[in-house]
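Colleague: Below are the sequence and a predicted model for it; my questions follow.
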Amino acid sequence: MEKEKARELLKNWKGQNYAFGVGVLEKVGEFASKFGGRTMLVANGSRWLAPWLEEVVRSIGDRGVEYIGPVRGSRPNTPKDDVYRIALAISKTKPEVVVAVGGGSVIDAVKAASVLARYGPSEIELYFGTGEVTRASEGKSVIPVIAVQTASGSGAHLTKYSNVTDPATGIKKLIADQAITPPAAVFDYRVTISAPKDLTLDGALDGIAHCWEVFTGATGKCYYEEVEEIARIGIGLIVGNLLKAVEDPDDLDARVALGLGTDLGGYAIMISKLNPDTGRVESAGTGAGHLGSYQLTHYLAHGRACAVLNPYYTVLFAEAIEEQNRVVGGIFQREGFIESSVDLGRIGGRRLAEIVAGGMIAFSKAIGFPTTLEEAGVPPEQVNVMVEAAKDPQVRIKLQNMPVPIDVEDVDAFIRPTLQAAYTGNMSLIPEPRRPA
């Protein structure tokens with residue numbers, strides 16, 4: 001039932017521009033041919049990906065599309081030098097469309113590279129933030145990217161985001177712009193059967209983080225009911241099927257569930273709706289967990305970093321997300337990560353949040369994830385780096401997406417002690433929960 005509803009939600013959202021399910025790689029050539037007869041293929045040479053890449057190449061050839069490549073994709077976390085290298089390849093070969101085959105890092109790199117290749121040589125830093133690509137475009141569209149997803153996780157194939165990391169500092173920054181949303185995407189969930197275990201685990205927890213952070217940030221927003229359904233189904237599919245996929249990597253039913261669940265995470269972060277009462281558009285987005293993860297690339301994979309941080313932020317915002325805690329608490333209880341004897345309907349406030357956070361932590365332990373920054377090997381001084389990075393104006397959108405928006409001047413009072421709690425595992429360090437205004 002959950003899977004059927006997930007399919008319906010995704011079809012209603014993306015229509016004919018998204019081919020997802022089992023046996024859909026053949027759609028890549030069809031999509032590419034709509035944008036011209038000359039394409040560049042970008043993909044990593046991972047052994048596990050080789051047979052699927054052959055299917056993609058065959059699909060492109062069957063449509064009579066000329067292709068260049070494959071050009072090597074990106075390393076994890078999309079280092080900016082990989083973006084520059086891919087942009088140079090695009091500029092030299094001048095394709096009409098680029099097909100990006102890979103996980104979130106490869107797709108993010110190609111989305112960013114298409115911007116640089118179209119608008120001339122410049123620093124990628126010019127496009128960090130919200131809407132900077134559109135402002136620089138002068139009406140000229142970016143080179144279209146057909147995103148062929150190979151990992152259940154980031155939702156990069158469906159979204160307006162590109163995360164790029166400075167390898168020198170290990171700090172990740174974000175491009176957020178509708179202009180870089182792939183005009184067509186393909187995700188054949190069969191591909192994930194071959195994926196390494198860690199990629200499966202990290203991607204699944206990234207999908208949970210997308211659903212959860214948007215859901216908690218939806219308090220008082222006009223899209224609350226829409227995202228509640230997305231988060232309930234998405235988190236339910238992931239929590240209910242991740243251990244099955246790990247225990248039996250060939251379990252296609254579990255793989256489909258993970259793909260649908262993490263795709264719903266991509267849907268969640270793209271929600272934008274006009275509030276009829278205010279006349280203003282309200283847009284969803286990730287918040288605290290993602291904000292902190294950007295400074296942890298040297299120590300933790302992205303999904304793992306979000307999984308460590310989000311339980312502690314769940315406690316910080318307890319008063320503002322009581323309803324959300326009951327929804328997600330019910331999912332973790334159903335799957336055995338919260339004791340069945342606990343009556344979530346009769347508990348509220350911080351106590352409820354601590355129980356739900358405990359369920360999240362129990363789930364992380366069950367899949368072998370660290371549950372504190374210290375356990376993950378993060379040095380204690382990195383907390384200061386994370387605090388200072390949270391004050392950067394370019395990531396202000398993350399502060400505003402939190403269940404109770406936080407201003408830069410509040411970071412030391414609320415973000416710092418919560419990160420200290422995440423470092424030690426001591427939830428008593430978390431200040432009194434932020435209350436909605």
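Modeller: Received it, and whenever you're ready, just let me know what you need.
Colleague: Just the buried residues of stretch 42-57, please?
Modeller: Buried positions in stretch 42-57, judged by neighbour count with 16 or more other C-beta atoms under 10 Å: V42, A43, N44, S46, L49, W52, L53, E55, V56, V57. From N, CA and C alone the C-beta is placed, and that goes for glycine too.
Colleague: CA atoms only for it - export them in CSV, please.
Modeller: Provided in CSV are the C-alpha atoms of stretch 42-57 (Å, rounded to 0.1, in the frame of the first residue of the first chain):
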residue,chain,number,x,y,z
VAL,A,42,29.5,11.4,-17.5
ALA,A,43,29.9,8.4,-15.2
ASN,A,44,32.4,6.9,-12.7
GLY,A,45,34.1,3.7,-13.6
SER,A,46,32.9,1.7,-10.6
ARG,A,47,33.0,-2.0,-11.3
TRP,A,48,29.5,-2.5,-9.8
LEU,A,49,28.1,0.1,-12.1
ALA,A,50,29.6,-1.4,-15.4
PRO,A,51,26.7,-3.6,-16.5
TRP,A,52,24.1,-0.9,-15.9
LEU,A,53,26.3,1.7,-17.8
GLU,A,54,26.3,-0.7,-20.8
GLU,A,55,22.5,-0.6,-20.7
VAL,A,56,22.5,3.2,-20.7
VAL,A,57,25.0,3.3,-23.6
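Colleague: thinking again about what came up before, and of the buried residues of stretch 42-57, the nearest to A185?
Modeller: Using C-beta to C-beta, V56 is the member of the buried residues of stretch 42-57 that sits closest to A185, with 12.9 Å.
Colleague: Residues contacting the lowest-mean-pLDDT helix or strand in the chain, please?
Modeller: Within the chain, no helix or strand scores below helix 396-400, which has a mean of 79 by mean pLDDT, DSSP states H and E. Residues from elsewhere that reach helix 396-400 (C-beta atoms under 8 Å, 6 or more residues apart in numbering): 130, 176, 285-288, 290-291, 390, 405-408, 411.
Colleague: cool, stretch 350-364 as well?
Modeller: 205, 239, 307-308, 310-312, 314-315, 317-319, 321-322, 325-326, 328-329, 332-333, 335, 337-338, 342, 344, 347, 370-371, 427, 433.
Colleague: would a markdown table of the buried residues of stretch 42-57 with pLDDT be doable?
Modeller: Output for the buried residues of stretch 42-57, formatted as a markdown table (pLDDT from 0 to 100):
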| residue | pLDDT |
| --- | --- |
| V42 | 97 |
| A43 | 96 |
| N44 | 91 |
| S46 | 87 |
| L49 | 91 |
| W52 | 94 |
| L53 | 94 |
| E55 | 95 |
| V56 | 96 |
| V57 | 95 |
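Colleague: so of the residues you listed, which ones are in helices?
Modeller: If you go by DSSP state H, the buried residues of stretch 42-57 have W52, L53, E55, V56, V57 in helices.
Colleague: Can you add distance to H302 and give those back as JSON lines?
Modeller: Output for those, formatted as JSON lines (distance: C-beta to C-beta, whole Å):
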{"residue": "W52", "distance to H302": "22"}
{"residue": "L53", "distance to H302": "23"}
{"residue": "E55", "distance to H302": "27"}
{"residue": "V56", "distance to H302": "25"}
{"residue": "V57", "distance to H302": "29"}
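Colleague: Can you tell me which of those is closest to Y84?
Modeller: Nearest to Y84 among these is L53, at 23.5 Å by C-beta to C-beta.
Colleague: Skipping its backbone neighbours, what lies nearest that closest one in space?
Modeller: Distance criterion C-beta to C-beta, 6 or more residues apart in numbering; nearest residue to L53, sequence neighbours excluded, is A43 at 5.6 Å.
Colleague: what is that neighbour paired to in the beta sheet?
Modeller: Taking DSSP bridges as the rule, A43 bridges to V101.
Colleague: if I pick it, what's in contact with it?
Modeller: For A43, the contacting residues are L49, L53, V56, G69, P70, V71, R72, G73, A100, V101, G102, V106, by C-beta under 8 Å, 6+ apart.
Colleague: Using the three-state scheme, assign the closest residue in space to L158 that isn't next to it in sequence.
Modeller: Leaving out its chain neighbours, the residue that sits closest to L158 by C-beta to C-beta, 6+ apart is G266, at 3.9 Å. G266 falls in the helix class when you classify it by DSSP: H, G, I helix; E, B strand; the rest coil.
Colleague: Around G266, how many other residues sit close by?
Modeller: Neighbouring residues of G266 were enumerated by other C-beta atoms under 10 Å; the total is 30.
Colleague: List the residues that contact it.
Modeller: S154, G155, A156, H157, L158, T159, H210.
Colleague: neighbour-wise, which of those leads?
Modeller: Most surrounded of these: other C-beta under 10 Å gives H210, at 35 neighbours.
Colleague: Run a quick check on that residue versus M270, I expect a contact.
Modeller: No. Counting by C-beta atoms under 8 Å, H210 does not reach M270; the two are 9.8 Å apart.
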